[in-house]
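Peer 1: With the input below, show me the fold.
(one chain, ligands or ions: 1)
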Amino acid sequence: MTHQPAIPELTAADPQIAGLVEDEARRQAEKIRLIASENYVSQAVLEATGSVLTNKYSEGYAGKRYYEGQQFIDQVEQIAIERAKALFGVDHANVQPYSGSPANLAAYLAFASPGDTVMGMALPDGGHLTHGWSVSATGKWFNPVRYGVRKETGRVDLDQVRELALEHRPKLIFAGGTAIPRTIDFPAFAEIAKEAGAVLVADIAHIAGLVAGGAHPSPVGHAQVITTTTHKTLRGPRGAMIMTDADHAKAIDKAVFPGLQGGPHNHTTAAIAVALGEAAKPEFRDYAHAIVANAKALAEALIERGFDLVSGGTDNHLLLVDLTSKQIGGKPAAQALDRAGIELNYNTVPFDPRKPFDPSGIRLGTAAITTRGLTPEHQPQIAEWIDRSIAAAAANDEDAINKIAGEVRDLLAAYPIPGYRA
Ligand code: DSN
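Peer 2: Numbering: from 1, shown residues only. Model prediction:
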């Protein structure tokens with residue numbers, strides 16, 4: 001058995017599932033994992049996630065629950081809240097949202113009504129489905145107005161944000177997204193939201209760990225509401241939080257429960273508390289800055305190899321590469337890279353002429369490889385493997401792809417991950 005913590009009971013009770021868990025642990029160890037929204041959590045976070053806290057229902061909030069037996073759960077949730085407040089410097093934190101999409105929905109429920117105008121970044125420009133994209137409930141039940149990036153720079157067009165906000169007067173403005181390689185200007189968004197009379201929601205899901213570690217400016221003091229997942233750069237379990245100023249706290253709590261959710265996932269809350277404890281340590285600041293250093297080094301190495309990066313580079317953990325000049329779509333490139341041991345996702349790029357299921361780009365992030373201990377010195381090698389894999393895919397050369405997968409495994413053998421022992 002190689003999964004850590006070991007899973008002997010699962011192996012005995014359900015060898016089929018246990019085998020798949022073991023396979024996934026090994027897969028995570030043998031791949032260069034560049035999916036920008038993923039990471040490796042610590043053993044401590046894994047243990048909290050797999051604890052008996054999963055057995056307990058706790059609808060309500062600490063001291064005001066609808067079920068008995070909350071002597072310890074209340075303490076767990078309160079610790080998570082206090083750690084979130086201290087780490088991010090916010091007045092209020094709700095740690096119950098099941099994940100990022102429900103967290104964003106809570107902002108709608110708290111501050112808008114169906115049919116109201118809301119504003120967010122267009123999905124192909126880097127926004128999230130729940131920022132009002134048409135196929136999402138948020139795009140169907142509200143009247144979405146979308147801003148984007150400038151074609152010349154690949155950066156958010158704040159003039160457009162202001163014009164649209166003043167013209168349409170949205171109830172909510174979302175700042176943030178899933179494919180934004182540059183610093184988000186929260187003060188500028190705040191000024192626009194104030195002028196338009198909107199609540200500013202900073203969705204920091206991707207950059208929460210960078211904000212916590214001082215490697216990206218904080219939205220605190222600019223956005224009244226801050227939503228985030230807990231499992232990306234923040235390196236916690238799959239979950240989410242909403243942080244607010246004092247004036248918006250009550251409405252958010254009411255929207256999360258009873259507005260949208262039933263009982264919180266207490267095992268996740270405990271793991272969030274553990275991750276927040278880890279993020280408060282000085283070494284997490286080093287980690288956050290190392291993520292950015294790795295991303296910048298990878299960007300530079302890819303540019304040297306003729307790759308076209310949206311916005312020309314990165315300020316954070318994320319790179320968006322337009323493969324048009326390499327004459328391969330994002331999807332076949334991502335599939336070939338996966339076979340070569342380099343895991344990432346195909347992604348639309350701004351003004352993409354191709355369809356979202358077969359777009360022009362790939363998205364890369366450095367949170368997971370930084371957790372693993374890879375450094376800027378490794379990035380030219382990773383860029384070389386990416387370049388070779390894409391050329392091999394274009395030439396249908398599976399032998400070359402297999403060779404790269406072997407080289408990747410050889411490098412990674414020296415960089416163990418939490419969750420797996422070889
Ligand atoms: N799926 C997440 C991401 O990959 O960015 C966002 O929801």
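Peer 1: how about stretch 361-370, does it get close to the ligand?
Peer 2: No - Stretch 361-370 lies apart from the ligand when judged by CB under 6 Å from any ligand atom; the minimum separation is 7.8 Å. (Each C-beta comes from the backbone N, C-alpha and C, glycine too.)
Peer 1: Run through who's touching the helix or strand harbouring Asp23.
Peer 2: Using DSSP states H and E, Asp23 falls within helix 15-30. Here helix 15-30 makes contact (CB atoms under 8 Å, 6 or more residues apart in numbering) with 1-4, 7, 10-11, 40, 341, 408-409, 412, 416-417, 419-420, 422.
Peer 1: following it, which helix or strand comes up?
Peer 2: Heading C-terminal from helix 15-30 (DSSP H and E), you reach strand 32-33.
Peer 1: hmm, that next one in reach of the ligand?
Peer 2: No - against the ligand, strand 32-33 shows no contacts by CB under 6 Å from any ligand atom, the least distance being 12.4 Å.
Peer 1: The contacts of helix 15-30, buried ones only, as a ChimeraX selection?
Peer 2: Per 16 or more other CB atoms under 10 Å, the buried members of the contacts of helix 15-30 correspond to this ChimeraX selection:
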select :3,4,7,10,11,40,341,408,412,417,419,420
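Peer 1: Any chance you could list what contacts stretch 381-394?
Peer 2: Contacts of stretch 381-394 (CB under 8 Å, 6+ apart): 32, 298, 301-302, 304-305, 307, 323, 326-328, 332-333, 335-337, 339-342, 369, 374, 398, 400-401, 404, 407-408, 411.
Peer 1: Off-centre distance for it?
Peer 2: 25 Å (CA atoms, centre = their mean, to the nearest Å).
Peer 1: And that stretch, what's buried?
Peer 2: Result for stretch 381-394 [16+ other CB under 10 Å]: buried residues 382-390, 392-393.
Peer 1: Could you do stretch 367-376 as well?
Peer 2: 367-372, 374, 376.
Peer 1: now do stretch 24-36
Peer 2: 25, 28-36.
Peer 1: among those, which two are most distant?
Peer 2: Ala25 and Ala36 (21.4 Å; CB to CB).
Peer 1: what helix or strand is Ala290 on?
Peer 2: Assigned by DSSP H and E, Ala290 falls in helix 282-304.
Peer 1: if we can go back for a sec, among the buried residues of stretch 381-394, which ones are in strands?
Peer 2: The members of the buried residues of stretch 381-394 all map outside strands under DSSP state E.
Peer 1: For those residues, could you give me a markdown table that also reports pLDDT and distance to Gly115?
Peer 2: Output for these, formatted as a markdown table (pLDDT from 0 to 100; distance: CB to CB, whole Å):
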| residue | pLDDT | distance to Gly115 |
| --- | --- | --- |
| Ile382 | 98 | 48 |
| Ala383 | 98 | 48 |
| Glu384 | 98 | 53 |
| Trp385 | 98 | 50 |
| Ile386 | 98 | 46 |
| Asp387 | 98 | 49 |
| Arg388 | 97 | 52 |
| Ser389 | 97 | 48 |
| Ile390 | 96 | 46 |
| Ala392 | 96 | 52 |
| Ala393 | 94 | 47 |
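Peer 1: Make a markdown table out of these and add distance to the ligand.
Peer 2: What follows is the buried residues of stretch 381-394, written out as a markdown table (distance: CB to the nearest ligand atom, whole Å):
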| residue | distance to the ligand |
| --- | --- |
| Ile382 | 20 |
| Ala383 | 22 |
| Glu384 | 25 |
| Trp385 | 22 |
| Ile386 | 19 |
| Asp387 | 24 |
| Arg388 | 26 |
| Ser389 | 21 |
| Ile390 | 21 |
| Ala392 | 26 |
| Ala393 | 22 |
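Peer 1: Roughly how far does Ala215 sit from Leu109?
Peer 2: 32 Å (CB to CB, to the nearest Å).
Peer 1: Then Glu68?
Peer 2: From Glu68 to Leu109 the distance is 28 Å (CB to CB).
Peer 1: From Ala297, how far out is the closest residue to the ligand within the stretch 1-150 of the chain?
Peer 2: Relative to the ligand, the nearest point of the stretch 1-150 of the chain is Ser37 (3.3 Å; CB to the nearest ligand atom). According to CB to CB, Ser37 and Ala297 sit 20 Å apart.
Peer 1: Could you tell me how many residues sit around Lys281?
Peer 2: A total of 11 residues lie near Lys281 under the criterion other CB atoms under 10 Å.
Peer 1: Just the pLDDT for it.
Peer 2: Looking at Lys281, its pLDDT stands at 98.
Peer 1: and it, what does it touch?
Peer 2: Applying CB under 8 Å, 6+ apart, no residues qualify as near Lys281.
Peer 1: The stretch 51-200 of the chain: strands as residue ranges?
Peer 2: 60-61, 64-65, 92-94, 117-121, 143-147, 172-176, 199-203 (DSSP state E, counting those that start in this stretch).
Peer 1: Determine which stretch of the ones you listed is the most buried.
Peer 2: Ranked by mean neighbour count, those are led by strand 172-176 with a mean of 28 (mean count of other CB atoms under 10 Å).
Peer 1: Provide the strand pairings for that one, with the direction of each partner.
Peer 2: Here strand 172-176 has these sheet partners by DSSP bridges: strand 117-121 (parallel), strand 199-203 (parallel).
Peer 1: Would you format those strands as JSON lines with distance to Ala279 and mean pLDDT included?
Peer 2: Conversion of the strands paired with strand 172-176 to JSON lines gives the following (distance: least, CB to CB, whole Å; pLDDT from 0 to 100):
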{"stretch": "strand 117-121", "distance to Ala279": "26", "mean pLDDT": "98"}
{"stretch": "strand 199-203", "distance to Ala279": "17", "mean pLDDT": "98"}
